[in-house]
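Undergrad: predicted model and sequence below, questions to follow.
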Amino acid sequence: MKNIPFLKGGVFMTNLENSTNYFHLNLWSGILFGLGLVAFFDEAVFHQLLHWHHFYDKSTTSLGLISDGLFHAFSWFATIGSLFMFANLRRKKSLYIKRWIGGVLLGAGLFQLYDGTVQHKWLKLHQIRYNVDILPYDLTWNITATIMTLIGFILIFKTRNRSGHFER
Amino acid sequence: MQYIYFNVFELFFILLILLFIGGYLIAAMNYKKGAWPKSRSILWIVGMLCILVSVIGPIAELSHHLFVFHMIMHLLLGMLAPFFIALSRPITLLLTSLKTQHARRVTRILRSAPVGLLTHPITTMLLNIGGLWVLYTSTVFNLIHESTFLLNLVHIHLFFSGFLFTTSIIAIEPFPHKFSFLFRSSIMIIALAGHDILSKLLFSNPLDSFGFDDVQFGAILMYYGGDLVDLLLITVLCYFWYKSANSNKTRAFI
């Protein structure tokens, strides 16, 4: 039974259903890549280049440590996994780049907003910069995050129609 | 006297590693179904050399005095060596090189319930990351520096738990159970998170037997070094998924 292509994995899939799935995968691949991109940017620029962020802050709670560890691990995986998903979409000729970019902006914006509000403020994992007036930094951080999220939403809304996807 | 004892041990270990490399290469040359890929033999040799430099030589010597070298040793023995060795598929090679009746016996062992439990991704993650937590957050760490026997036991555990974890995650060896890509990825993420959280805990609660700055630097090395090796592991895991999703008929979602 398993050798019949349509019954592979025991699930019947028509071509139409499959192309719908690939259409949604554009969004997911983008969101995961955006999330990973922000996490990587945070690590490379703020931790390593500017040394604004600290490896460990004495005021960190254990909940904050767990949250940080899980998010770090997830974003690390998401960066790589989403790029393989991207390659898979290209290979299957199902890439819808505008929707993918919308996903990237949404993922990046939401993750930065989470980092700037929950992780920095509520869990007090670490601050953006130390020994300065933190308010302008926090405002810049969270406003950029909101703008990215909004543009992401607009792009995803504009590409919600699948027809454009196949007329390229 | 002690100097001579260590030399005998070192000599024995070098011979053992050479024996393993030689055995693998002979088995690879006699591979029946076409040519055994050269890349796998190279991976095996590199993995064995990682074990060698972490057990004897300057890194092993310094690891008794400096925590940073202790951590370099752990990265080599517990993460990098298992990664290379798992990719060289030693169990697959063993099964094809054995005579049929012996291969059947090995397959029967591989299919038995205890082995199935031991090679389950959740078990291997607990053995691997849980072992590290026990080592660094309890008195075990002080104990192993008093007894050579315990130290060797911890090193053996470190390597084998790393090997079992890597094989259960990338799933290229002929184990009977198959776990979905999504499940193995989730286990990988939890393991990486556990590793990162532990290294930050170690940074904030340094150990008594080493200097404060030394342990903090070691903890940072553990964090970024672990990330780097896991980056390789995740890439290989995703690459195998990418290759397996090649068919046009496979589902879009995993």
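TA: That came through, no problem.
Undergrad: my guess is B:V46 contacts B:F84. True?
TA: Yes. Counting by Cβ atoms under 8 Å, B:V46 touches B:F84, with 4.9 Å between them. For every residue, glycine as well, the C-beta is placed using N, CA and C.
Undergrad: show me which of those two is the more surrounded one.
TA: Neighbours were counted for B:V46 and for B:F84 using other Cβ atoms under 10 Å in any protein chain shown; B:F84 has more, 21 against 16.
Undergrad: contacts only, for the more buried one.
TA: B:43-44, B:46-47, B:50 (Cβ atoms under 8 Å, 6 or more residues apart in numbering or on different chains).
Undergrad: cool, B:Y136 as well?
TA: Contacts of B:Y136 by Cβ under 8 Å, 6+ apart are B:198, B:201-202, B:207.
Undergrad: would you mind writing the CA trace of the helix or strand it falls within as PDB?
TA: For B:Y136, the host element (DSSP states H and E) is helix B:131-137. Extracted C-alpha coordinates of helix B:131-137, given in PDB (Å, rounded to 0.1, in the frame of the first residue of the first chain):
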ATOM      1  CA  GLY B 131      23.900  13.800  33.300                       C
ATOM      2  CA  LEU B 132      25.500  17.300  32.900                       C
ATOM      3  CA  TRP B 133      23.000  18.800  35.400                       C
ATOM      4  CA  VAL B 134      23.900  16.100  37.900                       C
ATOM      5  CA  LEU B 135      27.600  16.700  37.300                       C
ATOM      6  CA  TYR B 136      27.600  20.500  37.700                       C
ATOM      7  CA  THR B 137      24.900  21.100  40.300                       C
END
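Undergrad: any idea how far it is from the middle of the chain?
TA: Between the centre of helix B:131-137 and the centre of its chain there are 16 Å (Cα atoms, centre = their mean, to the nearest Å).
Undergrad: mean confidence for it?
TA: Averaged over helix B:131-137, pLDDT sits at 86.
Undergrad: try stretch B:58-70
TA: 85.
Undergrad: now do the same end-to-end measure for it.
TA: By Cα to Cα, to the nearest Å, the extent of stretch B:58-70 from end to end equals 11 Å.
Undergrad: distance between the lowest-mean-pLDDT helix or strand in chain B and the chain's centre?
TA: In chain B, the helix or strand scored least confidently by mean pLDDT, DSSP states H and E is helix B:140-144, which has a mean of 77. From the chain centre to the centre of helix B:140-144 is a distance of 21 Å (Cα atoms, centre = their mean).
Undergrad: could you work out the end-to-end span of stretch B:204-213 for me?
TA: End-to-end distance for stretch B:204-213: 11 Å, by Cα to Cα.
Undergrad: so which residues make contact with it?
TA: Stretch B:204-213 has contacts (Cβ under 8 Å, 6+ apart) with A:56, A:58, A:60, B:66-67, B:70, B:136, B:141-142, B:145, B:215-216, B:218-219.
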